[in-house]
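Asks: this is a predicted model, with the sequence first.
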There are 2 protein chains.
Amino acid sequence: MAAADTGRALERKRQILEGAARVFRRGGLHAAGMREIAGELDMHVGNLYYYFENKQELLAFCQEDALAGLLELADTVLAEPGTAIGKLERLIVGHIELLNEKTPGSLAHLEIEALDERWRERIQPGRDRYERVYRRLIRQGIAEGTLRDVDPHVATMAILGALNWTVKWFRAEGRRSAVEIGQEFATLLIQGLEPRPEGETRVD
Amino acid sequence: MAAADTGRALERKRQILEGAARVFRRGGLHAAGMREIAGELDMHVGNLYYYFENKQELLAFCQEDALAGLLELADTVLAEPGTAIGKLERLIVGHIELLNEKTPGSLAHLEIEALDERWRERIQPGRDRYERVYRRLIRQGIAEGTLRDVDPHVATMAILGALNWTVKWFRAEGRRSAVEIGQEFATLLIQGLEPRPEGETRVD
């Protein structure tokens, strides 16, 4: 698939995803057939099949595309200097920006269950690798004493849940940009992981 | 639908959801047809149609069932005495427990887009009401000075994203119970919303 794509085919596929994404938003990932997606793009359905052999391949492409962006973001952030907290902050903001403003098919990123086993096996390792980056940064923060002694897995899933869910409700025409939402999320989620000031206990 | 169900029919429907939930976990909400769900339950498909006219009605029942539980939880928590923070904590723990241990069809709660407009219109008001409870408690916490001056909508969506996403990864056979995960989430999310101690700034 993507490996064999030339730059132009890849660009055309991304354009197709923009149309598919509009159809997904209206009726979910599954109600939409290839015919409806082609219709949304004023494209002959045979032409759509030239780019994607079937709906599974289109959904898998959405996920590979989103994941490739996220892994590139993670590599960039990990290569930069900075503390664990600073890196988590850049990841959180970058993740929300990427899924909501740069990756039209990102609704599919929420549903790896929708893929056949063959596609799932191809995509799962990248998702696992991306999660490991969060766990590693959280562990690093705990070791540095800048984060509380949380369960890195549970904390990672709390963060990724909040981030991924933005795809369900963020609207480009809304009041706030994806980056602004990302910054607010980063503050909330990272502060939630920080050590409580000594002697302070919460009074409910 | 549910309104006309006797106690026994409602119980049988919930049992059906347990089978449907296993099928959903394997292949997502949509790959599963009525025939496969009936097969999972060793049930004749005609018998399944006696309880649910079609897949849409089954998915809608999952959502109504989950939502009814969440709204009951919200009503209980709001009626109890306590601070905004204490109530948020009980909601967070209860939400995770409910979706992951008490509501077999809760994977459907994540996909209102999967429903036809007719069903969506029936379910959306309850979801809106549930979200309003969070916004109201956050606003109350801000007014009391126990929470930072956050955007109540953005904070609500961060919380609900983290909570709803647990359905994707929580496993009953895992190391930690839903309540334990819920308590860890409550600490993280509420601490993230609290005012920063005076004079403290984060150093990244």
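Replies: Looks like it came in fine.
Asks: which helix in chain A runs the most residues?
Replies: Ranked by residue count, the top helix of chain A under DSSP state H comes out as helix A:117-144.
Asks: by contact count, what packs against it?
Replies: Judged by 3 or more C-beta pairs under 8 Å, 6 or more residues apart in numbering or on different chains; DSSP states H and E, the packing partners of helix A:117-144 are helix A:55-79, helix A:84-97, helix A:152-169. Yep, even glycine has a C-beta here, placed from its N, CA and C like the rest.
Asks: any idea which of those helices gets closest to B:Arg132?
Replies: Nearest to B:Arg132, of all the helices and strands packed on helix A:117-144, is helix A:152-169, at 14.4 Å by C-beta to C-beta.
Asks: any chance of the helices and strands packed on helix A:117-144 in CSV, with distance to chain B too?
Replies: As requested, the helices and strands packed on helix A:117-144 are arranged in CSV below (distance: least, C-beta to the nearest C-beta, whole Å):
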stretch, distance to chain B
helix A:55-79, 10
helix A:84-97, 4
helix A:152-169, 3
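Asks: for A:Leu188, which of these is the nearest?
Replies: For A:Leu188, the closest of these is helix A:152-169, at 8.1 Å, according to C-beta to C-beta.
Asks: quick one: list the elements packing against that closest one.
Replies: With contacts taken as 3+ C-beta pairs under 8 Å, 6+ apart, helix A:152-169 sits against helix A:84-97, helix A:117-144, helix A:178-193, helix B:152-169, helix B:178-193.
Asks: distance between the second one and the chain's centre?
Replies: Helix A:117-144 has its C-alpha centroid displaced from the chain centroid by 12 Å (C-alpha atoms, centre = their mean, to the nearest Å).
Asks: cool, and the first one?
Replies: With C-alpha atoms, centre = their mean as the basis, helix A:84-97 stands 12 Å off its chain's centre.
Asks: helices or strands up against it?
Replies: helix A:55-79, helix A:117-144, helix A:152-169, helix A:178-193.
Asks: could I get those helices as TSV with mean pLDDT and mean neighbour count?
Replies: TSV is the format used below for the helices and strands packed on helix A:84-97 (pLDDT from 0 to 100; neighbours: other C-beta atoms under 10 Å in any protein chain shown):
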stretch	mean pLDDT	mean neighbour count
helix A:55-79	94	19
helix A:117-144	95	16
helix A:152-169	96	22
helix A:178-193	97	21
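Asks: check the gap between the most centrally placed residue in chain A and chain B for me.
Replies: Centroid-nearest residue in chain A: A:Leu99, 4.9 Å away (criterion: C-alpha atoms, centre = their mean). Distance of A:Leu99 to chain B, given as C-beta to the nearest C-beta, to the nearest Å: 12 Å.
Asks: list the contacts for that residue?
Replies: Neighbour list for A:Leu99: A:Ala66, A:Ser106, A:His109, A:Leu163, A:Asn164, A:Thr166, A:Val167 [criterion: C-beta atoms under 8 Å, 6 or more residues apart in numbering or on different chains].
Asks: OK, contacts around the fourth one?
Replies: I take that to be A:Leu163. Taking C-beta under 8 Å, 6+ apart, we find A:Leu163 in contact with A:Ile92, A:His95, A:Ile96, A:Leu99, A:Phe185, B:Gly161.
Asks: closest to B:Gly145 out of the residues you listed?
Replies: For those, the nearest to B:Gly145 is A:Phe185 (22.7 Å; C-beta to C-beta).
Asks: quick check, that closest one in contact with A:Ala162.
Replies: Yes: between A:Phe185 and A:Ala162 there is a contact under C-beta atoms under 8 Å: 6.1 Å.
Asks: which residues do those two both contact?
Replies: Contacts common to A:Phe185 and A:Ala162, judged by C-beta under 8 Å, 6+ apart, are B:Ala158.
Asks: please tell me how far A:Lys55 sits from A:Ala178.
Replies: 27 Å (C-beta to C-beta, to the nearest Å).
Asks: go on, A:Asp128?
Replies: Distance of A:Asp128 to A:Ala178, given as C-beta to C-beta: 25 Å.
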